[in-house]
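1. Quick one, what's the 3D model for this:
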Amino acid sequence: MMSKKFHVAVLLSAFVAAGAGAQPFDAGVSRAEVNADLAAWKQAGLDKLSGGDAGPDTFSPEYRQAYKNYLQLRLGADYREPTALTRDQVRADLALWKRAGLDKLERGDGGADTFGSQYRAAYNTYRHLRDGEQYQQEVGLTRAEVQADLAAWKRAGLDRFWAGDQTPDTSSPAYRVAFQNYLQQRQN
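-> Numbering: from 1, shown residues only. Next comes the predicted model:
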């Protein structure tokens, strides 16, 4: 039979030998980032909703509210309230996603390495494009913007000039005054 000291020594050397060949794990996330994420998760109450063998009911109103709170805590000023998007907005967003190169970083079922430097650089490019004029150029005008523009056009009186079968004289003083009035309303 082995002595207790010898048994402990064998186990200790086995653990050391097993750890000697192990490669360090680097997810590209610091311990502080993981701790901040965990703190936000707990503060939002998701830890309480995620317990149990069945997992969370992600469709429940309580979970959705807690998840929204979590995103607000994690993203801060970058958080955006989800809104229904038009088809053009989705197409524009996808075009900018591809222009930034994010579509090339997907790894099939494994998803993208969102912590890698290449992904982060591409994502920063995407956010710059998404938050800038490029997005509005891709989208064009929304239905509400077109309706608001038409209302300003009518308030300025331009509809009267276009009511007949003939193209109006756009160089006439009356038309120019109405058009200037329309431009002022669009700026307000």
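2. pLDDT weak spots in the protein?
-> 1-27, 107-108, 141 (pLDDT under 70).
3. Go again with 90.
-> Along the chain, segments meeting pLDDT under 90 span 1-34, 36-37, 41, 46-61, 63-64, 67-68, 71-72, 74-153, 158-176, 178-188.
4. Run through the strands of it in chain order.
-> Using DSSP state E, the chain contains no strands.
5. List the contacts of residue 89.
-> 139, 142 (C-beta atoms under 8 Å, 6 or more residues apart in numbering). Bear in mind the C-beta positions are built from the backbone N, C-alpha and C, glycine included.
6. Start at 269, not 1
-> Understood, numbering begins at 269; the last thing we discussed is residue 357.
7. And it, how far from residue 339?
-> Note on residue 357: its distance to residue 339, by C-beta to C-beta, to the nearest Å, is 20 Å.
8. Next: residue 356.
-> 25 Å.
9. More neighbours: those two, which one.
-> For residue 356 versus residue 339, neighbours defined as other C-beta atoms under 10 Å are more numerous around residue 339 (17 against 14).
10. and the gap between the more buried one and residue 332?
-> From residue 339 to residue 332 the distance is 11 Å (C-beta to C-beta).
11. And for residue 354?
-> In terms of C-beta to C-beta, residue 354 sits 23 Å off from residue 332.
12. Same check on residue 448?
-> In terms of C-beta to C-beta, residue 448 sits 49 Å off from residue 332.
13. how about the helices of this protein, start to end?
-> Assigned by DSSP state H, the helices in the chain fall at 272-288, 299-311, 314-317, 329-343, 355-367, 385-399, 401-407, 411-423, 426-429, 441-455.
14. In TSV: those, plus distance to residue 323.
-> TSV is the format used below for those (distance: least, C-beta to C-beta, whole Å):
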stretch	distance to residue 323
helix 272-288	32
helix 299-311	15
helix 314-317	10
helix 329-343	10
helix 355-367	30
helix 385-399	27
helix 401-407	36
helix 411-423	40
helix 426-429	58
helix 441-455	51
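15. Out of these, the one nearest residue 377 is which?
-> helix 385-399 (16.7 Å; C-beta to C-beta).
16. Buried residues, stretch 398-409. List them.
-> 398, 406, 407 (16 or more other C-beta atoms under 10 Å).
17. err, stretch 324-336, not the other one
-> 324, 331, 334, 335.
18. for stretch 442-456, same thing?
-> Going by 16+ other C-beta under 10 Å, stretch 442-456 has these buried residues: 443, 446, 447, 449, 450, 453.
19. For that stretch, C-alpha coordinates in CSV please.
-> Extracted C-alpha coordinates of stretch 442-456, given in CSV (Å, rounded to 0.1, in the frame of the first residue of the first chain):
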residue,chain,number,x,y,z
ALA,A,442,-44.3,84.0,-57.2
TYR,A,443,-42.9,80.5,-57.7
ARG,A,444,-39.5,81.5,-56.3
VAL,A,445,-41.1,83.0,-53.2
ALA,A,446,-43.1,79.9,-52.6
PHE,A,447,-40.0,77.7,-53.2
GLN,A,448,-37.9,79.7,-50.7
ASN,A,449,-40.8,79.4,-48.2
TYR,A,450,-40.7,75.6,-48.8
LEU,A,451,-36.9,75.4,-48.3
GLN,A,452,-37.2,77.4,-45.0
GLN,A,453,-39.9,75.0,-43.7
ARG,A,454,-37.7,72.0,-44.6
GLN,A,455,-34.9,73.4,-42.5
ASN,A,456,-37.1,73.8,-39.5
